[in-house]
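**Student:** Everything below, folded, please.
(chains A and B)
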Number of protein chains: 2
Amino acid sequence: MKPVKVGVLGLGTVGGGTVNVLKRNATEIARRAGREIIVTRASTRDLERSRICDTQGIALTTDPYEIVNDPEIEIVLELIGGDTIAKDLVLKAIENGKHVVTANKALIALHGNEIFAKASAKGVMVAFEAAVAGGIPIIKAIREGLSGNQIEWVAGIINGTGNFILTEMRDKGRDFADVLAEAQALGYAEADPTFDVEGIDAAHKLTILASIAFGIPLQFDKVYTEGITQITRDDVDYAETLGYRIKHLGIARKTSEGIELRVHPTLIPARRLIANVDGVMNAVLVKGDAVGPTLYYGAGAGAEPTASSVVADVIDVVRAMTSDPENRVPHLAFQPNALADIPMLSAEQIHTAYYLRLNAEDRPGVLADITRILALHDISIEAIIQKEPHENEKSVPIIMLTQNTLESEMNAAITVIEQLTTVTGKVCRIRLETLG
Amino acid sequence: MKPVKVGVLGLGTVGGGTVNVLKRNATEIARRAGREIIVTRASTRDLERSRICDTQGIALTTDPYEIVNDPEIEIVLELIGGDTIAKDLVLKAIENGKHVVTANKALIALHGNEIFAKASAKGVMVAFEAAVAGGIPIIKAIREGLSGNQIEWVAGIINGTGNFILTEMRDKGRDFADVLAEAQALGYAEADPTFDVEGIDAAHKLTILASIAFGIPLQFDKVYTEGITQITRDDVDYAETLGYRIKHLGIARKTSEGIELRVHPTLIPARRLIANVDGVMNAVLVKGDAVGPTLYYGAGAGAEPTASSVVADVIDVVRAMTSDPENRVPHLAFQPNALADIPMLSAEQIHTAYYLRLNAEDRPGVLADITRILALHDISIEAIIQKEPHENEKSVPIIMLTQNTLESEMNAAITVIEQLTTVTGKVCRIRLETLG
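**Tutor:** Numbers count the residues shown, from 1 in each chain, chains lettered A, B, ... in the order given. Have a look, this model is predicted:
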């Protein structure tokens, strides 16, 4: 058969890595796909810039529209990223009847509904394995590998930068700001690290995971998002003492009331496998009703791990190109007409357990006041630790773990506790999940 | 569209679980597949026997050939297992133009080459996700999710019974025989546990993993297989002291000389995620050249986890049924005409590190003799521990870790060491892999 001609938009980290993998593993890929897959054209902002890939045999252009409009190109790889020109290019490629492979989580999370509708109407595929958890084939695992299950929940470490920071804080007792600066120097974190440390990047990915797990439209605006900037070394240490680790998790859970979608720092039992996923690595824990818990682990970013997913998508697309569009794997795992309108729960409606840390005067009755307030809000306490006062301070840190409760009750209780004259400052609250 | 009619051969644990999952999740499955999938017929040895599934609406028979010969049935689920009647039934189903889904690792490992050739000739699919690591979608992950990679090695905990025994030995300091008896009582281990504890079950699964990882024909007879029956509590403890855990691993590795295929107890660093996979759970670590290390974890056996994989395969088959057979995912990941004839290495040709334990007289010069013999065979020592003598014994246990070496050299060295008059009994040798 004739080789499949692929056009690459963007020759940065992911684009360059993809070109390298397609070239280096060309024989292996053709042995699998049954056809050669070759990159004939690529676009780049600057033709003169040095890059990580060899572009021999590839016609370069600075105008990506030349590629999406090229009748020779069968598959367009959108590896520019971001939420600006990428959308227009992808829509144009679809309009031109081309299949698209993208690594762009923001694009899919924010505009996927529109993109997939257009792709279905044109009978083309838009594949996006690389958009979530880099090289881990998590989209395929949930969408196809666990397709016999009702997915109950998904919980993932889906931002490598955040996990690197939390790992360093725990392993080396370092402060957040200090580790962030190093991550930026190492190139793990962007100059503007907001997307990583405030959880926006993870929220994009969680949006996608939730859709394919539960069969719902993409709803990025429904994700409750909290970053890791408020996590202190004390909290990391207290968690460890109690047998927990703090991880920045994206959690999607289907309950009888609706769907929880949330990204936040989370205490999880240290003995869980996912609690031991360290550094820049990613992992996603998926609970299905038939299969039970399953975990998928690997590199969540980087040139070649991301390229691994892009290339796998290209091979899938090549195989399915000649098939009846009606019988392909649906973009969001469920048939477009079978997506469900399930209520999305607000942060106040979440059920979870909590780690609380507060400073209170070290005298009789204080703890009784606090526990009474919690009881009035139906909050059961699992454990309490009272620490020795810091030097020159008369207040002591009190750490509590609660059982599962409704977040609105917890918010109300915290408001009352903070009004106690015996309690100084704010109550630090971190959610806790047993992931059992 | 019309519902797809499925016939089930065998209503034991896996067959019963599959019927249950297909019924309970029928709505969810149809939302994904775009078609209803219904079990219309099932075969069972004894019509009167009580079983785990509700068979309402399913025509039962004691003759499985009725099902494989039924023109109404489009997909046959072979869930009888074993290496007797299953093969003939599967071949007959293929001959009749039916697609087959099987959970039978022995069948695929021993007869897969013949079965896939026949299936290709007839243009039907034979899916076998459930044959390896139960509910973990590991076949799909390697065959499709990592299809852009050259797979370098695969290492898996792929027998739950063996892992349960080793976990109990470590956690509770119990003896092998004692834990095995409990595993049998709990139903984890068969009355004849040979397949589990001698590594044959794992060798079946490794045979399949190696084929789809490297693009080679199935070659069960080339697997070096060693069970866990010789592992003692002492070894488990010494390994722990040295920062390692003992796991029963299936390892397939492609080297410049050929392919290593081996199942044996293995010391692995305790900090590796896979070292922390405990009890009956399975996990497979896959190293690709682009993606790096990835890990897949979940239940490796049981009614519903296995059913999860069977049902996912059924949905895949339903989607691909109308497609051009030439463009489907190849059975062994690589196009049948692209399978490679790569040399399979014998046990003597393996490169690995070792844990050695021996008893020697506690006097000067003994250790020097041993280390000199190792050096003569080009074996470098990584660590040595000499223990205090057991009570009333004048010999002391010596434990050594070596660096990577050729197994034939190690065998030769051990033969010489065992001839030393200062050394008592056999040298215990366990392989060690860093999995880095």
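
**Student:** What residues does the closest residue to A:Gly173 other than its chain neighbours make contact with?
**Tutor:** Sequence neighbours aside, A:Arg233 is the residue nearest to A:Gly173 in space, at 6.0 Å (criterion: CB to CB, 6 or more residues apart in numbering or on different chains). (Glycine included, C-beta is placed from N, CA and C.) A:Arg233 is in contact with A:169, A:173-175, counting by CB atoms under 8 Å, 6 or more residues apart in numbering or on different chains.

**Student:** where's stretch A:139-153 relative to the chain centroid, distance-wise?
**Tutor:** Distance, stretch centre to chain centre, for stretch A:139-153: 16 Å (CA atoms, centre = their mean, to the nearest Å).

**Student:** now the helices: where do they sit in the stretch 1-150 of chain A?
**Tutor:** Ranges of helices in the stretch 1-150 of chain A, per DSSP state H, counting those that start in this stretch, are A:13-24, A:26-33, A:64-68, A:85-95, A:105-122, A:138-140.

**Student:** Tabulate the CA atom coordinates of the third one in CSV.
**Tutor:** It stands for helix A:64-68. Taking C-alpha atoms only, helix A:64-68 is exported to CSV below (Å, rounded to 0.1, in the frame of the first residue of the first chain):
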residue,chain,number,x,y,z
PRO,A,64,0.4,26.0,9.0
TYR,A,65,-2.6,26.7,6.7
GLU,A,66,-0.6,25.4,3.8
ILE,A,67,-0.6,22.0,5.5
VAL,A,68,-4.2,21.8,6.5
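
**Student:** Go through it and flag the buried ones.
**Tutor:** By neighbour count with 16 or more other CB atoms under 10 Å in any protein chain shown, helix A:64-68 contains the buried residues A:64, A:67-68.

**Student:** Output those in TSV, with pLDDT and distance to chain B appended to each entry.
**Tutor:** Putting these into TSV (pLDDT from 0 to 100; distance: CB to the nearest CB, whole Å) gives the following:
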residue	pLDDT	distance to chain B
A:Pro64	98	23
A:Ile67	98	21
A:Val68	98	23
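
**Student:** Out of these, which comes closest to A:Leu77?
**Tutor:** Comparing the buried residues of helix A:64-68 against A:Leu77 with CB to CB picks out A:Ile67 as the nearest, at 9.4 Å.

**Student:** Quick check: that closest one touching A:Leu60?
**Tutor:** No: taking contacts as CB atoms under 8 Å, A:Ile67 lies outside contact range of A:Leu60: 10.2 Å.

**Student:** Mind listing the shared neighbours of these two?
**Tutor:** Common contact partners of A:Ile67 and A:Leu60 (CB under 8 Å, 6+ apart): A:41-43.

**Student:** Could you tell me which of those belong to strands?
**Tutor:** If you go by DSSP state E, the shared contacts of A:Ile67 and A:Leu60 have A:41-43 in strands.

**Student:** residue in the stretch 251-400 of chain A nearest to chain B?
**Tutor:** Residue of the stretch 251-400 of chain A nearest chain B, by CB to the nearest CB: A:Val311 (2.8 Å).

**Student:** about what we covered before: and the buried ones among the contacts of A:Arg233, selectable in ChimeraX?
**Tutor:** The following ChimeraX line selects those of those that are buried, judged by 16+ other CB under 10 Å:
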select /A:169,174
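
**Student:** Make JSON lines out of the contacts of A:Arg233 and add pLDDT, distance to A:Thr207 and secondary structure.
**Tutor:** Listed next are the contacts of A:Arg233 as JSON lines, based on pLDDT from 0 to 100; distance: CB to CB, whole Å; DSSP: H, G, I helix; E, B strand; the rest coil:
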{"residue": "A:Met169", "pLDDT": "95", "distance to A:Thr207": "27", "secondary structure": "helix"}
{"residue": "A:Gly173", "pLDDT": "93", "distance to A:Thr207": "34", "secondary structure": "coil"}
{"residue": "A:Arg174", "pLDDT": "94", "distance to A:Thr207": "31", "secondary structure": "coil"}
{"residue": "A:Asp175", "pLDDT": "93", "distance to A:Thr207": "31", "secondary structure": "coil"}
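
**Student:** could you dump the contacts of A:Arg233 to a markdown table with distance to B:Gly298?
**Tutor:** Below are these laid out as a markdown table (distance: CB to CB, whole Å):
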| residue | distance to B:Gly298 |
| --- | --- |
| A:Met169 | 30 |
| A:Gly173 | 34 |
| A:Arg174 | 34 |
| A:Asp175 | 37 |
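
**Student:** Which member of the contacts of A:Arg233 is positioned nearest A:Leu267?
**Tutor:** A:Met169 (13.8 Å).

**Student:** The closest one contacts A:Ile228, doesn't it?
**Tutor:** No: with contact defined as CB under 8 Å, A:Met169 does not reach A:Ile228; the gap is 9.0 Å.

**Student:** shared neighbours, the two?
**Tutor:** With CB under 8 Å, 6+ apart as the test, A:Met169 and A:Ile228 both reach A:Phe176.

**Student:** List the contacts of the residue of the stretch 251-400 of chain A closest to chain B.
**Tutor:** Applying CB under 8 Å, 6+ apart to A:Val311 gives the contacts A:18, A:21-22, A:25, A:29, B:147-148, B:290.

**Student:** Identify, from those, the entry nearest to A:Ile200.
**Tutor:** Proximity of the contacts of A:Val311 to A:Ile200 (CB to CB) peaks at A:Thr18, which lies at 24.5 Å.

**Student:** Quick check: closest non-adjacent residue to that closest one.
**Tutor:** Spatial nearest neighbour of A:Thr18, chain neighbours left out: A:Ala307 (4.2 Å); criterion: CB to CB, 6+ apart.

**Student:** residues near that neighbour, how many?
**Tutor:** Look at A:Ala307: counted by other CB atoms under 10 Å in any protein chain shown, it has 33 neighbours.

**Student:** Now name the helix or strand holding it.
**Tutor:** For A:Ala307, the element it lies in under DSSP states H and E is helix A:303-320.

**Student:** Are there helices or strands packed against the very next helix or strand once past that helix, and which ones?
**Tutor:** Note on helix A:303-320: by DSSP H and E, the next helix or strand toward the C-terminus is strand A:351-361. When contacts are defined as 3 or more CB pairs under 8 Å, 6 or more residues apart in numbering or on different chains; DSSP states H and E, strand A:351-361 sits against helix A:233-241, helix A:366-376, strand A:395-402, strand A:405-406, helix A:407-419, strand A:423-432.

**Student:** Deepest in the core, which of those is it.
**Tutor:** strand A:395-402 (a mean of 19; mean count of other CB atoms under 10 Å in any protein chain shown).

**Student:** And the contacts of A:Val311, which two are furthest apart?
**Tutor:** Maximum pairwise distance in those, criterion CB to CB, is 13.6 Å, between A:Thr18 and B:Ser147.

**Student:** Can you show me the strands along the stretch 51-200 of chain A?
**Tutor:** A:59-61, A:75-78, A:99-102, A:126-127, A:151-157 (DSSP state E, counting those that start in this stretch).

**Student:** Which among those is found nearest to A:Asn276?
**Tutor:** strand A:151-157 (10.6 Å).

**Student:** So which of the helices and strands packed on strand A:351-361 is nearest B:Gln349?
**Tutor:** Across those, B:Gln349 has its closest neighbour in helix A:233-241 (45.6 Å, CB to CB).

**Student:** quick one, the closest one and strand A:395-402 angle?
**Tutor:** Between helix A:233-241 and strand A:395-402, the angle comes out at 50 degrees (axes from the mean of the first three to the mean of the last three CA atoms, to 10 degrees).

**Student:** residues from the stretch 301-436 of chain A in reach of chain B?
**Tutor:** Where the stretch 301-436 of chain A comes near chain B, counting by CB under 8 Å from any CB of the partner chain, the residues are A:304-305, A:307-312, A:314-316, A:319-324, A:326-330, A:333-335, A:338, A:340.
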